[in-house]
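1. Pasted the sequence and its predicted model underneath.
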Amino acid sequence: MSDEDALLSAIAAAPDEDTPRLAYADWLDEHDRPVRAEFIRTQIEIARKEHLPRAVLNRYVDLFKRNQDLIEFHRDEFLGPLAALPRDAVREFRRGFAAQVALTVGDFLARAELLAAARPLPKVTVSRVAARLDAFVRSPHLACVTRLELYSAAIAGGFVWPGDAAVIAAAQRLTRLEELDLEGCGINDDHLDLAARYPFPALTDLDLSNNQLTDYGVENLLATGWQRHLTRLVLGGNPIGDDGALELAEQWPAGDADKLAYLNMRFTNVGPRGQQALLARFGGRIDLF
């Protein structure tokens, strides 16, 4: 392993720490890459100040302007191999590296190996996955993905889910998945029965709106264990009734184990009894109307 590879591996191993990034910046200076080094230091300085009040941030306008100039004139250098991604794919740089990447499923499948090799790994959103779901679940590089958006207008009439074994195997590789958007994808109670076999250890945001989930679907969802780390759950637009609402209210984790910040139950079949139970349990965190 080269010195540069070792430094990048150290950054990847401690993505929230500045010290490995600054050590890499020093190495870049020593190897005649001062602009790349300056960009890392500039972005780290910005990250350390961004929590300050607007009035204070205004004192650092030159720092923010320099950041934008560096990106405008040296973007491909900063991206390295990721410069081969579509021009609009990289949505954000943070602390000197590409931090947010968004791709359609076709672009992801064509460039997944490139993404998998990035150090540190950016957060990766893959959209319109339903259009090529069968190929997606067979990709060996799903550990790159942090957000999935399944819906695709190209399959507005519905789509065929791959076999259970392929989906379960794919779920085992989605170890970084934080956000899962399944709005309008024909999800039913049986799909959530199968979902108990999906670990998704990093999942915090789940959108199941406008599907075919009933009270049994709520029961199956709770059997997954995902509720222990969800901060946002959208169930609106499903034919869920009072029994499902009561199940949510009674079985959702309590105390410090309850991480939920937002629950959407709009446009369901929940009546006054279920609404009362949900409001008593979740208070201002729930959106019922």
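-> Nice, thanks for sending it over.
2. OK, contacts around residue 241?
-> 214-215, 268-271, 274 (CB atoms under 8 Å, 6 or more residues apart in numbering). For every residue, glycine as well, the C-beta is placed using N, CA and C.
3. Repeat the analysis, applying 10 Å as the threshold.
-> For residue 241, the contact set (CB atoms under 10 Å, 6 or more residues apart in numbering) comprises 214-215, 218, 268-271, 273-274.
4. Other residues contacting the one helix or strand residue 40 maps to?
-> If you go by DSSP states H and E, residue 40 is part of helix 34-49. Helix 34-49 is contacted from outside by 11, 18, 21-22, 24-31, 33, 56-57, 59-60, 63-64, 66-67, 69-71, 73-75, 77-78, 80, 93-97, 99, using CB under 10 Å, 6+ apart.
5. 8 Å - rerun?
-> For helix 34-49, using CB under 8 Å, 6+ apart, the contacting residues are 18, 21-22, 24-26, 28-29, 56-57, 60, 63-64, 66-67, 70-71, 74, 77-78, 93-97.
6. From the residues you listed, keep the buried residues only.
-> 18, 21-22, 24-25, 28, 64, 66-67, 70, 78, 93-97 (16 or more other CB atoms under 10 Å).
7. For stretch 254-271, give the mean pLDDT please.
-> The predicted model assigns stretch 254-271 a mean pLDDT of 97.
8. Could you list the alpha-carbon positions for the next helix or strand after the helix holding residue 40 in CSV?
-> Per DSSP H and E, the first helix or strand lying C-terminal to helix 34-49 is helix 54-57. This file holds the C-alpha atoms of helix 54-57, laid out as CSV (Å, rounded to 0.1, in the frame of the first residue of the first chain):
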residue,chain,number,x,y,z
ARG,A,54,-25.3,34.2,10.4
ALA,A,55,-23.9,37.5,11.7
VAL,A,56,-20.7,35.8,12.7
LEU,A,57,-20.4,33.8,9.5
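9. Sketch out the strands for the chain, chain order is fine.
-> 90-94, 97-104, 123-127, 145-149, 179-181, 205-207, 232-234, 262-264, 286-287 (DSSP state E).
10. so what does the shortest one touch, helix or strand wise?
-> If I follow you right, that is strand 286-287. For strand 286-287, the elements it packs on are strand 262-264, judged by 3 or more CB pairs under 8 Å, 6 or more residues apart in numbering; DSSP states H and E.
11. Pull up the pairing partners for the strand it packs on, direction included.
-> Next to strand 262-264 in the sheet, as set by DSSP bridges, lie strand 232-234 (parallel), strand 286-287 (parallel).
12. Low-confidence regions, the chain specifically.
-> Along the chain, the parts satisfying pLDDT under 70 run over 155-161.
13. can you tell me which helix in it is longest?
-> helix 61-79 (DSSP state H).
14. Identify the residues contacting that helix?
-> By CB under 8 Å, 6+ apart, helix 61-79 touches 35-36, 38-39, 42-43, 45-46, 49, 57, 83, 85, 90, 93, 96-98.
15. rerun at 10 Å
-> By CB under 10 Å, 6+ apart, the list of residues contacting helix 61-79 reads 33, 35-36, 38-40, 42-43, 45-46, 49-50, 57-58, 60, 82-85, 87, 89-90, 93, 96-98, 101, 118.
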